[in-house]
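Enquirer: How does the following fold in three dimensions:
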Amino acid sequence: MSQKVVVTGLGAFSPIGGTATETWENAVKGVSGIKAITDDWVSQYDLPVYIAGRVAQSVEDSEFISKVETKRLDPSGQFAVISARQAWQDAGFSAGDAEEADELDPERLAVSFGTGIGGVWTLLDSWDTLRERGPRRILPMTVPMLMPNGSTAAIALNHKARAAAQTVVSACASSTESLHVALDLIRSGKADVVITGGTESAIHPMTMASFAKMQALSKRNDDPERASRPYDVDRDGFVMGEGAAALVLESEEHAKARGARVYAELAGTGVSSDAYHITANDPEGSGAARSIDEALKAGEIDPSSVVHVNAHATSTPVGDPAEATALKVALGSHTDQVAVSATKSMTGHLLGAAGALEAVMTVMALKDRTAPATINLENKDPDIDLDVVTEARDLPSGEIVALSTSFGFGGHNSVAAFRSVD
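Expert: This is a model prediction of the structure:
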């Protein structure tokens, strides 16, 4: 078996919490982070949908980023830096960067971060500035702020990570694929430690209008907290979310040498492509099932060991059944014994950051032996034959496995399999 890779640090900046701990506690309680958008641009553009899951804490109130840094980073970069610093501190490293940490060689530290869209606020605000005020008013940092790899670069610079700085852009599968890259960086011998995760800040009038035009968003403007309702017969689309999440991964050998606290093992990951449609899932779920199967094989995991899935479950009429089908194909009859949580019911859909946030929750589920809630499931779709957790539920003792699944426009499928540790 390949060398073990373990999770030693967690960070999150999400619609239901300013930290990983707060996010997890609210996920267990079933707290919704979805609210009405009250910005002037809602009425200015007469948007048909104006509900979303914005971050629960303002960037200005976070202790993990300075005011100067916020001026040099797109909101997506701000969220990324905050979550990465949280995870770094949580992992117990003794200094702010690898260069100063006695227990870490900066040339053995890498970053693998994902995003679906990147610095869309910077891009579109700069376009408005150019049209209205001319080229002299464009900020010198515009390109570093808008480029999709800007968040990865900011984290790598901050932590002096010199082994690699890689960015994954695979729509809503991005940050789970970033875990796949991170696992390979360690198992290949390229790095001992990787800061991995994902970020997104796309609650912008253009993106809201675009997703609404696709009929992808829920139109429950009058009932925001109940709008995201995975698996419910009355689901009518996803709810936009924003934020970031980060995990510190280490080789087990490196973690043991420095006496690190270990949350769980990242046992395996899987990726595949549907090559079916630019936005729709393959209704047969074959590509998604292959990614699940690949993650299990990579971790030498028997499907019967899987007790929990934090599902992609976006609350779309087409996507939810396709994923349920994929789980049935990959796990067979054992699917009936798996506790499935759909935490987007609380956070909304963080696009490229969704997988990282759900990976953090999956790790916490194993650590606390608790499957988080799925809210708003009032009338379950009879075509979705899954054991959905509607109130937080205990998970079994002993060695168990939990999956985090992510699927994105373009047919991207990615899965992370985590194994519990004593």
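Enquirer: just for the chain, where's the confidence low?
Expert: 1, 95-96, 100-102 (pLDDT under 70).
Enquirer: 50 - rerun?
Expert: 1 (pLDDT under 50).
Enquirer: how does it divide into domains?
Expert: Following automatic domain parsing, one finds the domains of the chain at 5-257, 269-419.
Enquirer: Measure how far the first one is from the centre of its chain, please.
Expert: When distances are taken as C-alpha atoms, centre = their mean, to the nearest Å, domain 5-257 is centred 8 Å away from the chain's centroid.
Enquirer: how long is it from one end to the other?
Expert: 14 Å (C-alpha to C-alpha, to the nearest Å).
Enquirer: Same list as before, the domains of the chain that is, but in a markdown table and with mean neighbour count and distance to residue 263 included.
Expert: (C-beta placed from N, C-alpha, C; glycine too.) Listed next are those as a markdown table, based on neighbours: other C-beta atoms under 10 Å; distance: least, C-beta to C-beta, whole Å:
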| stretch | mean neighbour count | distance to residue 263 |
| --- | --- | --- |
| domain 5-257 | 22 | 4 |
| domain 269-419 | 22 | 5 |
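Enquirer: residues contacting residue 282?
Expert: 274, 276, 288, 322, 411 (C-beta atoms under 8 Å, 6 or more residues apart in numbering).
Enquirer: What ranges does this structure have for its helices?
Expert: Assigned by DSSP state H, the chain shows helices spanning 20-29, 40-44, 67-71, 75-90, 120-133, 142-146, 150-159, 174-187, 205-213, 252-257, 286-298, 319-331, 344-347, 354-368.
Enquirer: now these as JSON lines including distance to residue 380?
Expert: Listed next are the helices of the chain as JSON lines, based on distance: least, C-beta to C-beta, whole Å:
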{"stretch": "helix 20-29", "distance to residue 380": "20"}
{"stretch": "helix 40-44", "distance to residue 380": "32"}
{"stretch": "helix 67-71", "distance to residue 380": "43"}
{"stretch": "helix 75-90", "distance to residue 380": "33"}
{"stretch": "helix 120-133", "distance to residue 380": "35"}
{"stretch": "helix 142-146", "distance to residue 380": "42"}
{"stretch": "helix 150-159", "distance to residue 380": "37"}
{"stretch": "helix 174-187", "distance to residue 380": "26"}
{"stretch": "helix 205-213", "distance to residue 380": "25"}
{"stretch": "helix 252-257", "distance to residue 380": "40"}
{"stretch": "helix 286-298", "distance to residue 380": "21"}
{"stretch": "helix 319-331", "distance to residue 380": "11"}
{"stretch": "helix 344-347", "distance to residue 380": "13"}
{"stretch": "helix 354-368", "distance to residue 380": "21"}
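Enquirer: what's the closest of those helices to residue 378?
Expert: Closest to residue 378 of these is helix 344-347 (C-beta to C-beta; 11.2 Å).
Enquirer: that older thread, turn the contacts of residue 282 into TSV, including distance to residue 32.
Expert: Output for these, formatted as TSV (distance: C-beta to C-beta, whole Å):
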residue	distance to residue 32
274	31
276	32
288	27
322	25
411	30
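Enquirer: Next one: the nearest residue to residue 327 once chain neighbours are set aside from residue 303, what distance?
Expert: Leaving aside its sequence neighbours, residue 327 sits nearest to residue 335 (C-beta to C-beta, 6 or more residues apart in numbering; 5.3 Å). Distance, residue 335 to residue 303, by C-beta to C-beta, to the nearest Å: 9 Å.
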